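S.K.: Model the following, please.
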Amino acid sequence: MAIPARLGLVTLGTVDHARLRDFYLRLGWPLAVDEHEFCVFRTAGALLALYPRPQLSAEAGGGPQAGEGFRHCSLAMNVASPEEVEAALAAAVEAGATLLHAGRRMEWGGYSGYFADPEGNAWEVAHAPQWPLDEQGLLVIPNQP
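M.R.: Here you go, the predicted structure:
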């Protein structure tokens, strides 16, 4: 049996759960689950969960020593235009993010910038004209010949 190619949930291991939860609330993202040290935000695609790093590390089998290993990733959101990239980056910074890289034209033909949430998780905001968005804001990747 093949593993399905789908992403339903991205979980970030948090250092200060309340601070990170409040950051995503300030971005205006709707909560789907809000329990003691676990919360889930709705997005246009996969859900975003926040869970304390030591518990996530232990749950994933790495134990407390895995710690920083959960930070070596970036998350991405695609928007409909370069102007929306700029607006999203500005909104993130206003909510408490750190701008990692200002929006700029990319060699692959799009426009992209990066911010980090208050715990250093890197987010790319990108406009990829070759990959349009559907009515729900999800990427439509054309079939390759």
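S.K.: in this protein, which spans are helices?
M.R.: With helices called from DSSP state H, the chain shows them at 17-26, 53-60, 82-95.
S.K.: Can you tell me which of those has the worst average pLDDT?
M.R.: With a mean of 77, helix 53-60 has the lowest mean pLDDT of the helices of the chain.
S.K.: ok now do the residue nearest to Ala97 when sequence neighbours are not counted, which residues does it touch?
M.R.: Nearest non-adjacent residue to Ala97, counting by C-beta to C-beta, 6 or more residues apart in numbering: Phe115, 4.2 Å away. Using the backbone N, CA and C atoms, a C-beta is placed for each residue, glycine as well. Neighbouring residues of Phe115 by C-beta atoms under 8 Å, 6 or more residues apart in numbering: 89, 92-93, 97-100, 122-123, 125.
S.K.: Return the distance of the residue nearest the centre of the chain relative to Asp134.
M.R.: Nearest to the geometric centre of the chain sits Leu75, at 3.9 Å (C-alpha atoms, centre = their mean). Between Leu75 and Asp134 the computed distance is 19 Å (C-beta to C-beta, to the nearest Å).
S.K.: the domain parsing of this protein - what is it?
M.R.: Taking automatic domain parsing as the reference, the chain has its domains at 8-60, 71-135.
S.K.: nearest to Ile141, of those?
M.R.: Counting by C-beta to C-beta, Ile141 lies closest to domain 71-135 out of the domains of the chain; the figure is 5.6 Å.
S.K.: Who are the contact partners of Gln23?
M.R.: No, residue 23 isn't Gln; it's Phe. 95-97, 117-118.
S.K.: got TSV for those, with distance to Val10 and neighbour count too?
M.R.: Below are the contacts of Phe23 laid out as TSV (distance: C-beta to C-beta, whole Å; neighbours: other C-beta atoms under 10 Å):
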residue	distance to Val10	neighbour count
Ala95	18	17
Gly96	19	15
Ala97	17	21
Asp117	12	22
Pro118	17	17
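S.K.: related to what we said a few turns ago, take the contacts of Phe115 and keep only those in strands.
M.R.: Members of the contacts of Phe115 lying in strands (criterion: DSSP state E): 98-100, 122-123, 125.
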